[in-house]
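**Student:** my questions concern the predicted model and sequence given below.
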Amino acid sequence: EIDAAARTAKVGAGLNQLEAVTALGQQNLAVTTGTEGSVGLSGATLGGGFGFLTRYLGMACDSLIGAEIVVASGTHGAKAIEVDLDDHEDLLWALRGAGNGNFGIVTSLTYRVTPLQSVAYLQATWTGLGDLRGVFDTWQRTAPFADHRLGTQVEIHKSQILLFAVLAEGSAVEVKELLKPVLSVGSPQVTVQTGGWGEIYAGFQIPTSDEPANWKFFSQFTNKPFPREAIEVISAFMADAPTEDSNFFTQAFGTGAQARAPRGGSAFPHRDALFYSEPGAGWGTRGVPNSGDALTPVAQAWIAEFSQALRPYVHGAYVNVPNIGMQDWETAYWGRNVDRLRRIKAKYDPHNIFQYEQSIPPATC
């Protein structure tokens with residue numbers, strides 16, 4: 001339900017990101033979403049949610065101004081409650097970044113939406129890894145501090161380096177100029193498209209059938225530029241990646257809108273990050289039973305060793321990309337917000353009905 005005049009949208013929890021972006025785009029409106037269209041909008045938002053519009057509009061959860069959630073009631077009952085800045089504002093704070101499934105079942109979300117007429121979408125490709133140090137170092141020292149309308153991500157594969165960028169309300173000439181320091185490294189192939197955000201977003205989606213059958217990611221944040229040694233770690237591991245689908249993915253944060261918490265605050269703790277990153281292993285063919293079994297131990301060992309080698313240069317973790325087996329995972333996901341989240345959990349779910357391996361436990365006193 002989109003109210004263009006009030007600039008709000010009430011969204012059912014079953015929608016994925018592509019469906020939401022498309023519906024809003026038809027009215028030249030937008031909220032921040034992740035880049036993967038098939039991902040559920042509600043789960044992405046409740047964990048924080050970031051993508052190409054993060055530096056322009058803030059986190060996805062920053063635009064969340066209300067929700068309907070079914071919580072436990074009594075011994076065996078349940079009830080639906082409306083959450084906003086006036087009612088249950090503590091729970092709204094928690095829903096803005098604590099992650100899905102901790103306090104109840106969210107059945108709808110209400111967003112503050114922003115007009116967005118058009119974007120410029122740039123893709124640059126460097127063949128091989130020879131330019132990796134120059135590309136990565138230049139990107140990390142410029143993109144996080146550029147015009148807040150500019151969102152960028154870098155994907156490093158075994159045989160190529162990819163830079164993707166979206167400039168909100170910008171032109172092809174402007175996005176190239178903003179990225180000139182990075183594009184001046186080596187001789188990348190560069191393409192730029194301009195158009196409505198809904199159309200551009202749909203255009204860069206990869207069909208699920210073309211994705212690997214198996215994925216394993218490790219999430220992490222960085223507050224200072226990677227030194228040369230860290231970039232060399234990335235280069236060495238990517239050169240030895242188990243498959244071409246495996247990659248090192250990173251997205252700029254820096255001085256963008258995500259650095260400021262919304263009115264009422266949020267539980268998302270990583271606003272001061274320079275960038276977010278994930279080493280990721282992808283293997284196997286979808287629809288082909290057992291196609292990736294032989295690579296499974298190799299891929300899992302590679303991602304474990306890669307993430308461990310980067311530990312001196314990163315901190316924290318992203319609750320939407322859980323790091324299973326990580327020590328101090330509560331602090332990694334929620335930082336100094338852990339105690340407050342546990343108190344809110346005890347208030348709305350004292351018997352811990354909604355729980356999973358790394359869910360928020362209720363406070364005991």
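**Tutor:** That came through, no problem. Treat the numbers as computed from the prediction; the structure is a model and nothing was measured. Residues are numbered from 1 along each chain as shown.
**Student:** where's the nearest residue to Pro362 once chain neighbours are set aside, which helix or strand?
**Tutor:** Once flanking residues are discounted, Pro362 sits nearest to Ala346: 3.8 Å by C-beta to C-beta, 6 or more residues apart in numbering. Glycine gets a C-beta too; all of them are placed from N, C-alpha and C. In this assignment (DSSP states H and E), Ala346 forms part of helix 338-348.
**Student:** pull the residues that contact that helix.
**Tutor:** 71-72, 90-91, 93-94, 98, 102-104, 267, 330-331, 334, 352, 360-364 (C-beta atoms under 8 Å, 6 or more residues apart in numbering).
**Student:** for the protein, which spans come out with low pLDDT?
**Tutor:** Scanning the chain for pLDDT under 70 picks out 365.
**Student:** what ranges does it have for its helices?
**Tutor:** 17-25, 41-46, 54-57, 89-95, 132-142, 172-178, 180-183, 197-203, 228-239, 296-310, 329-334, 338-348 (DSSP state H).
**Student:** list the contacts of the nearest residue to Trp302 once chain neighbours are set aside.
**Tutor:** Leaving aside its sequence neighbours, Trp302 sits nearest to Pro242 (C-beta to C-beta, 6+ apart; 5.3 Å). Going by C-beta under 8 Å, 6+ apart, Pro242 touches 281, 283, 295, 298-299, 302.
**Student:** just to revisit the earlier point, from Asp90, how far out is the residue nearest to Pro362?
**Tutor:** From Ala346 over to Asp90 the distance is 11 Å, taken as C-beta to C-beta, to the nearest Å.
**Student:** repeat for Ala281
**Tutor:** Distance from Ala281 to Asp90, by C-beta to C-beta: 39 Å.
**Student:** turn the helices of the chain into TSV, including distance to Glu155 and mean neighbour count.
**Tutor:** Below are those laid out as TSV (distance: least, C-beta to C-beta, whole Å; neighbours: other C-beta atoms under 10 Å):
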stretch	distance to Glu155	mean neighbour count
helix 17-25	18	21
helix 41-46	19	26
helix 54-57	17	26
helix 89-95	30	22
helix 132-142	11	20
helix 172-178	18	17
helix 180-183	14	18
helix 197-203	17	19
helix 228-239	10	16
helix 296-310	15	17
helix 329-334	24	21
helix 338-348	32	19
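**Student:** now these as JSON lines including distance to Asn214?
**Tutor:** Formatted as JSON lines, the helices of the chain follow (distance: least, C-beta to C-beta, whole Å):
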{"stretch": "helix 17-25", "distance to Asn214": "22"}
{"stretch": "helix 41-46", "distance to Asn214": "20"}
{"stretch": "helix 54-57", "distance to Asn214": "28"}
{"stretch": "helix 89-95", "distance to Asn214": "31"}
{"stretch": "helix 132-142", "distance to Asn214": "25"}
{"stretch": "helix 172-178", "distance to Asn214": "34"}
{"stretch": "helix 180-183", "distance to Asn214": "31"}
{"stretch": "helix 197-203", "distance to Asn214": "26"}
{"stretch": "helix 228-239", "distance to Asn214": "18"}
{"stretch": "helix 296-310", "distance to Asn214": "7"}
{"stretch": "helix 329-334", "distance to Asn214": "22"}
{"stretch": "helix 338-348", "distance to Asn214": "31"}
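**Student:** these two touch, right, Gly58 and Arg263?
**Tutor:** No: with contacts counted by C-beta atoms under 8 Å, Gly58 stays clear of Arg263, the gap being 11.2 Å.
**Student:** count the neighbours of Gly49 for me.
**Tutor:** Other residues within reach of Gly49, judged by other C-beta atoms under 10 Å, total 29.
**Student:** please tell me how far it sits from Asn16.
**Tutor:** For Gly49, the distance to Asn16 (C-beta to C-beta) stands at 13 Å.
**Student:** which non-adjacent residue is nearest Arg7?
**Tutor:** Val113 (5.3 Å).
**Student:** ok, that neighbour touching Thr32?
**Tutor:** No: Val113 is beyond contact range of Thr32, at 10.4 Å (criterion: C-beta under 8 Å).
**Student:** pick out whichever of these two has more residues nearby.
**Tutor:** Using other C-beta under 10 Å as the criterion, Val113 and Thr32 rank with Thr32 on top: 27 against 22.
**Student:** mind listing what Pro115 touches?
**Tutor:** Counted by C-beta under 8 Å, 6+ apart, Pro115 has contacts 7, 28-30.
**Student:** in space, what's closest to the residue nearest to the spatial centre of the chain - neighbours in sequence excluded?
**Tutor:** In the chain, the residue lying closest to the centroid (C-alpha atoms, centre = their mean) is Phe50, at 3.9 Å. Closest residue to Phe50 apart from its sequence neighbours, by C-beta to C-beta, 6+ apart: Met59 at 5.7 Å.
**Student:** dihedrals phi and psi, that neighbour?
**Tutor:** When read as degrees, to the nearest 10, the backbone of Met59 gives phi -70, psi 160.
**Student:** okay, now His270: neighbour count?
**Tutor:** Other residues close to His270 by other C-beta under 10 Å number 25.
**Student:** ok, now how distant is the residue in the chain sticking out farthest from the centre from Trp126?
**Tutor:** Here the chain reaches farthest from its C-alpha mean at Thr75, the gap being 36.4 Å by C-alpha atoms, centre = their mean. The gap separating Thr75 from Trp126 is 61 Å, by C-beta to C-beta.
**Student:** what's near enough to touch Val321?
**Tutor:** 217-219, 278.
**Student:** can you redo the residues you listed as JSON lines with neighbour count and distance to Phe253?
**Tutor:** Formatted as JSON lines, the contacts of Val321 follow (neighbours: other C-beta atoms under 10 Å; distance: C-beta to C-beta, whole Å):
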{"residue": "Phe217", "neighbour count": "19", "distance to Phe253": "18"}
{"residue": "Phe218", "neighbour count": "24", "distance to Phe253": "18"}
{"residue": "Ser219", "neighbour count": "23", "distance to Phe253": "13"}
{"residue": "Glu278", "neighbour count": "19", "distance to Phe253": "14"}
